[in-house]
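[1] Fold the following.
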Amino acid sequence: MSFLIVSDFKFSKIFSDFDRKFTLLVFLILISGLISVYLSDERKASFKILLNYLSYFVCFLISLYYSNYFKEARNFIVKTFLAVNFILILSCLADYYLPSFNQFLINNFGHAELKHSFFEANGIKYLRPSGFLSETNLTGLSIALSLLILIINYSDIRNKILLYGYVLFSGYTFGMLGSRSTSIMILICSVLFLI
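    This is a model prediction of the structure:
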């Protein structure tokens with residue numbers, strides 16, 4: 001609602017060439033998600049997850065709009081997003097290693113005790129921490145997007161120790177998430193990094 005109230009609705013010159021390509025890439029991923037929802041046996045649950053991704057996409061577009069509309073806000077938005085995701089990474093680690101923190105998340109952040117918290121392979125259950133978010137795939141997507149932002153701004157980041165520490169912790173967290181969206185983003189980030 002704030003977006004609609006404040007906006008001047010002049011969208012044509014807002015996005016840079018890179019922004020347009022990246023937005024198109026994310027939109028194509030959403031379309032592929034819609035196709036997989038349609039083909040899924042569990043359409044209702046899959047559609048709910050797709051709606052979560054769609055809300056992320058809308059927030060992404062709004063942030064992109066305002067970071068270009070208010071040029072001075074871009075730095076603040078990027079730093080805030082990275083800081084929030086670092087807290088998310090730490091919450092995932094605590095969720096995995098501290099049972100009391102996991103119980104705290106169940107009591108206060110809508111975590112169901114089993115839903116989204118494990119996957120089973122060969123009869124063994126593996127914990128999938130999601131930290132402060134209640135959806136493991138959204139946690140993976142958020143952390144992956146923050147890594148993508150780091151790759152894009154690699155040359156502008158002076159503190160390389162902080163950068164590599166962030167990559168190390170988030171990479172470790174990725175291994176615990178076991179998320180399909182995370183795997184897709186790792187592939188995209190790897191290609192962009194090589195380019």
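[2] Point to the helix or strand of the chain where mean pLDDT is at its lowest.
    helix 2-6 (a mean of 64; mean pLDDT, DSSP states H and E).
[3] Check which helices and strands the helix or strand following it sits against.
    Sequence-wise, the next helix or strand downstream of helix 2-6 (DSSP states H and E) is helix 17-39. With contacts taken as 3 or more C-beta pairs under 8 Å, 6 or more residues apart in numbering; DSSP states H and E, helix 17-39 sits against helix 43-69. (Each C-beta comes from the backbone N, C-alpha and C, glycine too.)
[4] host element of the spatially most central residue of the chain?
    Closest to where the C-alpha atoms of the chain average out (C-alpha atoms, centre = their mean) is residue 142, at 1.4 Å. Here residue 142 sits within helix 136-152, counting by DSSP H and E.
[5] pretty sure residue 103 belongs to a strand, no?
    No: Residue 103 sits outside any strand when classified using DSSP: H, G, I helix; E, B strand; the rest coil, being helix.
[6] any weak-confidence spans in this protein?
    Within the chain, the ranges that satisfy pLDDT under 70 run 1-15, 67-69, 71-73, 112-120, 126, 179-182, 193.
[7] Would you mind giving both backbone torsions of the residue of it most remote from its centre?
    Distance from the C-alpha centroid of the chain, by C-alpha atoms, centre = their mean, peaks at residue 123 (29.3 Å). As for residue 123, its main-chain torsions (degrees, to the nearest 10) stand at phi 80, psi 0.
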